[in-house]
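Student: Take this sequence and fold it.
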Amino acid sequence: MATAADARDEIKPRAKLLQQTLDCIAIKADAERLACYDRTVTALGKGEETHEIVVSDREQMRETRRSLFGFRLPSLFGGKDDGELDRIETTISSVSRSYDGGLVLAVDGGAQWVQVDSRAIVGKIRPGDKVTISRGTMGAYFATLAGRPSFKVQRRE
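Tutor: Model prediction:
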């Protein structure tokens, strides 16, 4: 039975240079196989140096998804099957107000979240306070500060 991952693999074949490197395995003659590896690995290295090729492990992808939480991402960064985040827990680095009085929360890592509803948030909010940003329905996001009701936020670029 085919899975969603199988379908995704069929739609998006491996990068050409990676496939060429893997094809070297099938070469029987040692000298030809080594020449194949030398050629393709050198090309991979040059591609990575010039940023034409990006190599990331699972942990790097997780960190990238976390840093981009709140933005619509291309499928390159994975969907639910690849561990898409439903929420992040982070620390507030600064707090201000937008022109319409809503909160603007800057959090660790540099992201900014702007309150987009009219809910009054009572009490002092300080740098160092913890905040949880959760994915809602239909593209909405909600911030929750300890002991306070959640409020709707939007990631600012």
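Student: Now do the contacts for the closest residue in space to residue 109 that isn't next to it in sequence.
Tutor: Closest residue in space to residue 109, ignoring its immediate chain neighbours: residue 67 at 5.5 Å, by Cβ to Cβ, 6 or more residues apart in numbering. Every residue, glycine included, has its C-beta placed from N, CA and C. By Cβ atoms under 8 Å, 6 or more residues apart in numbering, the contact set of residue 67 is 109, 110, 111.
Student: can you check residue 144 too?
Tutor: Counted by Cβ under 8 Å, 6+ apart, residue 144 has contacts 131, 132, 133, 134, 150.
Student: Same question for residue 151.
Tutor: 103, 115, 117, 119, 121, 142, 143.
Student: quick one: strands adjacent to the longest strand anywhere in the chain?
Tutor: Using DSSP state E, we find that the single longest strand of the chain is strand 87-97. In the sheet, strand 87-97 lines up against strand 103-107 (antiparallel), strand 130-135 (antiparallel) (DSSP bridges).
Student: What's the mean pLDDT across the shortest one?
Tutor: For strand 103-107, mean pLDDT rounds to 91.
Student: what comes up buried for it?
Tutor: 103, 104, 105, 106, 107 (16 or more other Cβ atoms under 10 Å).
Student: For residue 33, find the nearest of the strands paired with strand 87-97.
Tutor: strand 130-135 (47.4 Å; Cβ to Cβ).
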